[in-house]
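> Sequence plus predicted model, see below.
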Amino acid sequence: MFPAVEYPESEVTPAEITVAVAANMQHPFDALRVAFQKDTSIKIKTIVAASGQLTAQIRNGAPFDIFLSADNKYPAALQTSGHAATSPKTYALGKLALWSRSFVDSLPALSQLNGKTIRTLGIANPDLAPYGLAAIKALENNDIYSHFAPRLVYAQSIAQLNQYIALGTIDAAITAASARGIPQLAARKGYWLEIPASNYPAIHQDVVILTNNSAVDQFYQFLFSPAAQQILLDYGYLLP
């Protein structure tokens, strides 16, 4: 963990910070924000999008204070290009899950999926969303990518993909396992299969500070606290 940054006594702690949040973290971050604001007077403005979209916005001067990515590559690239104030650090390990409207009892293994039960399979755009890239790898490693390639429906982010699930726009999706904790999805009929971590590269979700000030440092320290880590575990993430 990076040491807390010392600030002059005359500095006034900002009343609000802006946090760029990868779409898979949208609902878990709501819980983190509420927990953080219970003990501080600092308000949080949240910007949610795919990690690639957020990275592009940061490079174009978006006034974000801290970035919670869905991978470790985008934060590392921002550090290399001089857009980050600190080195990246992993705050969570993500997991993939298959959600389907097609199975009544239980889902088979991913390798057993076929077009008879799934006509359209949604994933996040692999060019923008790390979870989408991981989904492609999972399909390839189960030797079913070529079968599903013509049936893939691409969402711009995990958040949009989860909307497709909720609306029934697609038959199934490979999404973040944390989606199972979203109330509007939990209320829908759906069947879940957690995809073994061995099926895709590890999803190291990194955070990087963009603007150094006392409020950002407080939130950064909170993110690695036992309270925040428990929230992440409750949403299905693993701890680094």
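Nice, thanks for sending it over.
> From now on I want contacts and neighbour counts done on CA atoms only, so please keep to that.
Will do.
> what's the longest helix seen in the chain packed up against?
The single longest helix within the chain, with elements called by DSSP state H, is helix 26-39. If you count contacts as 3 or more C-alpha pairs under 8 Å, 6 or more residues apart in numbering; DSSP states H and E, helix 26-39 packs onto strand 43-49, helix 214-223, helix 226-234.
> now the shortest one: how far from the chain's centre is it?
To tie it back to what came earlier, the one meant is strand 43-49. 13 Å (C-alpha atoms, centre = their mean, to the nearest Å).
> Touching it from outside, list them.
The contact list for strand 43-49 (C-alpha atoms under 8 Å, 6 or more residues apart in numbering) reads 15-23, 26, 33, 37, 54, 157, 159.
> Run the angle between that strand and helix 26-39 for me.
With axes from the mean of the first three to the mean of the last three C-alpha atoms, to 10 degrees defining the directions, strand 43-49 sits at 170 degrees from helix 26-39.
> And the strands in this structure?
Using DSSP state E, the strands of the chain run over residues 16-22, 43-49, 66-68, 89-94, 96-100, 121-124, 152-155, 172-176, 191-194, 203-209.
> Buried residues in stretch 133-146, which are they?
133-140, 144-145 (16 or more other C-alpha atoms under 10 Å).
> Max pairwise distance over the residues you listed: which two?
The distance between the two most remote of the buried residues of stretch 133-146 (C-alpha to C-alpha) is 15.0 Å, for L133 and I144.
> Count residues in the vicinity of I165, would you?
Using other C-alpha atoms under 10 Å, I165 is surrounded by 23 other residues.
> Tell me who's in contact with it.
Here I165 is in contact with 99, 171-173, 185 (C-alpha under 8 Å, 6+ apart).
> tell me, how many neighbours does I123 end up with?
Using other C-alpha under 10 Å, I123 has 28 other residues around it.
> let me fix that: D30
The number of residues near D30, taken as other C-alpha under 10 Å, comes to 13.
> repeat for N114
Using other C-alpha under 10 Å, N114 is surrounded by 12 other residues.
> Begin at 21 from now on, thanks
That works, and once the first residue is 21, the last one we named lands at N134.
> got a list of what the nearest residue to L153 once chain neighbours are set aside touches?
Of all residues not flanking L153 in the chain, P146 sits nearest, at 4.2 Å (C-alpha to C-alpha, 6 or more residues apart in numbering). By C-alpha under 8 Å, 6+ apart, P146 lies in contact with 152-154, 156.
> Appreciated, that's everything.
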